[in-house]
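K.L.:
Take this sequence and fold it.
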Amino acid sequence: IFLAYGYWGEYIPGVLGHTGFSFKRIIYQLFLSSEGIFGISLGVSATYIFLFILFGAFLTETGMGRFIKDLAMSLAGRTIGGEAKVSIVASGLMGMINGSAVGNVAATGTFTIPLMTSAGFKPVFASAVVAVAGTGGMIMPPVMGAASFIMAEFLGVHYAVIMLAAAIPAILYYVAEYSVIHIEAVKMGMKPIPRENILSVVKVMKERGHLMVPIIVIVYLLLVGRTPLYAAFYGIISSIGVSFLTKETRLTWTSFIRAMESGARQSVGVGIACAVVGNIIGITNLTGLGLVLGDNIVSMAGGSIILTSFLTMIVCIILGMGLPPTACYIVTATIAAPALMKLGVNPLAAHMFAYYFACLSNLTPPVAIASYGAAGLSGQSPSAVGWTGFRISLAGFLIPFTFIFNPDLLLIGNDWLSIGLSTVTSLIGVIALASSLQNFLYVPMNILQRGAMFIGAVLLIFPGVTTDIAGVSLVAAVFFWQRTQRRRSPLLPAEEKGM
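P.N.:
Residues are numbered from 1 along each chain as shown. Take a look at the predicted model:
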């Protein structure tokens, strides 16, 4: 489509039309310039992305998956609805080494879906939880989705800047989903996992805690200014080294070769996607399509940052129906992110906004790849899992708007008091939104409570003393109102009141 657009642009009416380019000019742009197939996206894929995928493959072979499973059970299993929360925690931990949504779903869903269904959760809901949690791994540092490395190249910043910027939004995402799961579990009257079925955190860390060392090595090297190549290389070396500390995690020649093969296989798919996207980047830059669409998005929104952000989100979601997240981000960053920057949005915030929704495109029906992967594991309807996952993830859709209006959440600047306050108000906001969407906090909400909670959550998006006070006041009012209703409810056992 883009090749045809570049060649026959003169026949296209309206603002999308252009003079058209010769076949020779298009070939030069795509194959001989730095803006085509052999441009930034493929270059990053062949260097940074390949090594980080290989790093994840080596950690997987050392038994990192079992360590994450046991640690997640230890941390979340003793809470209400712990079976589902284990999936959230496990996916967050797995996301630190695996930037693939489908990969996270496959790695954690095999044990968390049966765990949830055995506890009483419906299979469709259990599959959706795994899909939502797995998608969050793409925004969880230090090893994020492939597009995060491309973002660093686009912005001309060190990868550590991207990694740090993603930290708070990633935490907010998992808090939002954790809140949804907790509320759903309370509504269902779920209980914690019996203590005798859970290993202690101390025991888990003694047995396999040394597998965290390679992750610590990578984070440290990136924070002190080393290149991603340097950090990934020593991350791989350290993962091989620490594996020999215990017999259970020790790498053999067979597992070593298997890790190399797995890393290579995963990298091929990413490389092909990045090469194909090079065509889109080349034609977009050649024809000026990005500038034209950016101007039109701003024009349609009337110069409003809120509407421009909303339209950019729609562009990401639509593109995500037909493109993998990496390609979706690259196209959106080329076409829609400039529209946000025209309105004064920080470039890092604009690109992170595009990246975030490119990741969430894994959850937006009708083409929800992560949900389809989870449905395959459980044998459920992909459509049912997709729509359920979309409903569960809605609370997370608020988060990108928070850092568009409040870039403190991306750790931009050195005002740590402002960053701390912004983080706290955003945490309150996503929890409030989760309860509003679930229509439940301590007891089912009436329409007034639900509306007040939703408005309070939205107000907490916008930075400012007035909006923060108003938002917190509304949320607090509903909170105490709900607690009062719970204490007075004759349907609740006395020992459960006040939980």
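K.L.:
buried set for the longest helix along the chain?
P.N.:
Scanning the chain for the helix with the most residues, using DSSP state H, yields helix 253-287. Burial within helix 253-287, assessed by neighbour count using 16 or more other Cβ atoms under 10 Å, is assigned to 255, 258-259, 262-263, 266-267, 270-271, 273-287. The way it works is simple: take the backbone N, C-alpha and C, and place the C-beta from them, glycine included.
K.L.:
domains in this protein, as residue ranges please.
P.N.:
Using automatic domain parsing, the domains assigned to the chain come out as 2-28, 64-199+367-405, 288-361, 408-499.
K.L.:
returning to what we had before: helices or strands up against the longest helix of the chain?
P.N.:
Under the contact criterion of 3 or more Cβ pairs under 8 Å, 6 or more residues apart in numbering; DSSP states H and E, helix 253-287 touches helix 2-7, helix 23-27, helix 40-44, helix 50-61, helix 146-155, helix 325-335.
K.L.:
and after that helix, which helix or strand comes next?
P.N.:
Tracing the chain past helix 253-287, the next element assigned as helix or strand by DSSP states H and E is helix 289-300.
K.L.:
List the buried residues for the helix or strand following that next one?
P.N.:
Using DSSP H and E, the helix or strand that directly follows helix 289-300 along the chain is helix 305-320. Residues of helix 305-320 classed as buried: 305, 308, 309, 311, 312, 313, 315, 316, 317, 319, 320 (neighbour count, 16+ other Cβ under 10 Å).
K.L.:
Export those as CSV, with columns for distance to residue 333 and pLDDT.
P.N.:
Converted to CSV, these look like this (distance: Cβ to Cβ, whole Å; pLDDT from 0 to 100):
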residue, distance to residue 333, pLDDT
305, 18, 88
308, 15, 88
309, 14, 89
311, 15, 87
312, 10, 87
313, 14, 88
315, 11, 82
316, 10, 82
317, 15, 81
319, 11, 76
320, 13, 75
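K.L.:
between those, which is nearest residue 54?
P.N.:
residue 320 (26.7 Å; Cβ to Cβ).
K.L.:
So the closest one sits against residue 358, correct?
P.N.:
Yes. Here residue 320 reaches residue 358: they are 6.3 Å apart, a contact under Cβ atoms under 8 Å.
K.L.:
List the contacts of residue 112.
P.N.:
Applying Cβ atoms under 8 Å, 6 or more residues apart in numbering, we find residue 112 in contact with 83, 84, 86, 87, 90, 126, 129, 130.
K.L.:
In which helix or strand does it reside?
P.N.:
With elements taken from DSSP H and E, the one containing residue 112 is helix 101-119.
K.L.:
And the closest residue to residue 209 other than its chain neighbours, how far from residue 450?
P.N.:
Distances taken as Cβ to Cβ, 6 or more residues apart in numbering place residue 67 nearest to residue 209, at 7.7 Å, with adjacent residues excluded. According to Cβ to Cβ, to the nearest Å, residue 67 stands 41 Å off from residue 450.
K.L.:
Also residue 195?
P.N.:
As judged by Cβ to Cβ, residue 195 and residue 450 stand 36 Å apart.
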